[in-house]
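S.K.: Take this sequence and fold it.
(chains A and B)
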Amino acid sequence: MAAENSGGGSVAYIQHHLTNLSVGEGFWTLNIDTLFFSILLGAFLVFLAARVGRALQTGAPGGMQNVFEAVLEFVDGQVKDSFGGKATNLIAPLALTVLLWVWLMNFMDLIPVDLLPAVAHGLGIEHLKIVPTTDLNTTMAMALVVFALTVFYNLKVKGVGGYIKMFLFHPFGKFFIPVNVVMTAIEELAKPISLGLRLFGNMFAGELVFLLIALLTLGATFSAALLIWFPLQVVLDLAWLIFHILVITLQAFIFMVLTIVYLGMAHTDIEH
Amino acid sequence: MSITVTLIAQIIAFLVMIWLVNKYLWAPLSALMEARKQRIAEGLSASERGKHELKLAQDRSSEILKEAKDRAAELVAQANNRSNEILEEARNNAKAEADRIVAAAKAEIDSEVNRAKEQLRRQVSEIAVAGAERILKREVDAKAHEAVLADLVAQI
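M.R.: Purely as a prediction, here's the structure:
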């Protein structure tokens, strides 16, 4: 809590927390913290998976294997619901990756907002943003991969002609071809953009609320007013924290379901 | 928070993550679960089969039991018949033996009677001869009248 002056301090505090640790300029900026934490969490996930995978038990699974099996079954169920058995081998692992990885990255939001930045500050690192999903680059990266796969499967299932036909005749039939092209293009582009922005927006807003709650006692000295603000802060923080457990899970789930749905839509042939 | 080269790095990271999750989590675990599903299905069908076999064995055992009971009843009936037969035979044998004994006894009695008759006849002839001697007061020449005497004996 290194804000000396209270007035402009809050703005500076928030801005400080929303700045990535980065190298480079302009487009060539590399957000080190985003990459570090997303890869760290990914490695953690793969480590857990590999540890479970080494000691798989067919009979009575215990502990972590149970968790993974339950998640896997859940994801598989979602995929089967959308695809009805004709899913390729890529869809389900992709959905599982999205769910687990996004959830883990979202989970970083529950770590007290000042804890790791303070530690980093002690180590001489000026800026640190620990939630990778509050970086638009992360969410858009995943959304774009999903978009690329959507286009790929559209071309694969419908064929090039079918894909073009979808643009030409889709919402309104053959007499509105220019309108159709614009409408379908917007529809198709809106999918990845909304997918990426939704997760980013939710996580960013959640992070911001944590910061605002932290602001309540920012730079406070011991006083009578603190006796009111401090308990209020604790209660608010706890409430938002508990609520946020739901939000991070829900957002991970939504991202996964939409991934499956978009890919499922790419797999369906147009009937008319 | 603008789009930068981080996006590309994250795309690569995401693709690698998908690959890793598939390799270390999805593939082994789903294969395992599939195998387990198979095993459960096999177990269920095996138990079904076992039940069926048990039912068959029960049917067979009751059939065998029934057969054995029938056979036992048949044997008892046969034994009863045989004992009746033996009884009947013994009775018949006893009757035949009794008849035989009675017949033998009768035959002996007959021969005894005949012998007594013979003896009686001889004695009567002797008495008749003695009486005739007395009547004639003189000794009849047995040799001379042998033919008469024999005739006399034959007449008695």
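
S.K.: Helix or strand: which one has the closest residue to A:F83 other than its chain neighbours?
M.R.: Nearest-residue entry for A:F83: A:G264, 5.5 Å, with adjacent residues in sequence omitted and distances by CB to CB, 6 or more residues apart in numbering or on different chains. Bear in mind the C-beta positions are built from the backbone N, C-alpha and C, glycine included. Using DSSP states H and E, A:G264 falls within helix A:226-267.

S.K.: and that helix, what other elements does it pack with?
M.R.: Applying 3 or more CB pairs under 8 Å, 6 or more residues apart in numbering or on different chains; DSSP states H and E, one finds that helix A:226-267 contacts helix A:64-83, helix A:91-107, helix A:136-169, helix A:177-215.

S.K.: Run the angle between it and helix A:91-107 for me.
M.R.: Counting by axes from the mean of the first three to the mean of the last three CA atoms, to 10 degrees, helix A:226-267 lies at 170 degrees to helix A:91-107.

S.K.: per-residue confidence averaged over helix A:226-267?
M.R.: What helix A:226-267 shows for mean pLDDT is 89.

S.K.: for the residue nearest to A:K174 when sequence neighbours are not counted, what are its contacts?
M.R.: Leaving aside its chain neighbours, A:K174 sits nearest to A:L168 (7.5 Å; criterion: CB to CB, 6+ apart). Contact analysis of A:L168 by CB atoms under 8 Å, 6 or more residues apart in numbering or on different chains lists A:K174, A:I177, A:N180, A:V181.

S.K.: Mind doing that once more with 10 Å?
M.R.: A:K174, A:F176, A:I177, A:P178, A:N180, A:V181, A:T184 (CB atoms under 10 Å, 6 or more residues apart in numbering or on different chains).

S.K.: where does it sit relative to chain B, distance-wise?
M.R.: 30 Å (CB to the nearest CB, to the nearest Å).

S.K.: per-residue confidence at that residue?
M.R.: pLDDT, the model's per-residue confidence, is 80 for A:L168.

S.K.: Please determine how far it is located from A:K156.
M.R.: 19 Å (CB to CB, to the nearest Å).

S.K.: Ok, B:W19 next?
M.R.: B:W19 is 20 Å from A:K156, by CB to CB.

S.K.: Kindly report the same for A:D237.
M.R.: 49 Å.

S.K.: For those two, work out which one has more neighbours and name it.
M.R.: When neighbours are counted by other CB atoms under 10 Å in any protein chain shown, A:D237 and A:K156 differ, and A:D237 comes out ahead with 17 against 14.

S.K.: Number of residues surrounding whichever residue of the stretch 151-272 of chain A sits closest to chain B?
M.R.: Nearest residue of the stretch 151-272 of chain A to chain B: A:F204, at 7.7 Å (CB to the nearest CB). By other CB under 10 Å, 20 other residues sit near A:F204.

S.K.: Next up, the contacts around it.
M.R.: Listed by CB under 10 Å, 6+ apart, the contact partners of A:F204 are A:L18, A:D109, A:V131, A:T133, A:T134, A:D135, A:L136, A:T139, A:L197, B:M1.

S.K.: and residue 126, what pLDDT?
M.R.: Because you didn't say which chain, this covers chain A. For A:E126, the pLDDT comes out at 77.

S.K.: my bad, the chain I had in mind was chain B
M.R.: For B:E126, the model assigns a pLDDT of 86.

S.K.: repeat for A:V119
M.R.: We have a pLDDT of 83 for A:V119.

S.K.: what does A:A220 give?
M.R.: Note on A:A220: pLDDT of 68.

S.K.: Likewise for A:K129?
M.R.: A:K129 is given a pLDDT of 82.

S.K.: for the one 4 residues further on, same thing?
M.R.: A:T133 carries a pLDDT value of 87.

S.K.: Any idea how many residues pack against it?
M.R.: Counted with other CB under 10 Å, A:T133 comes out at 31.
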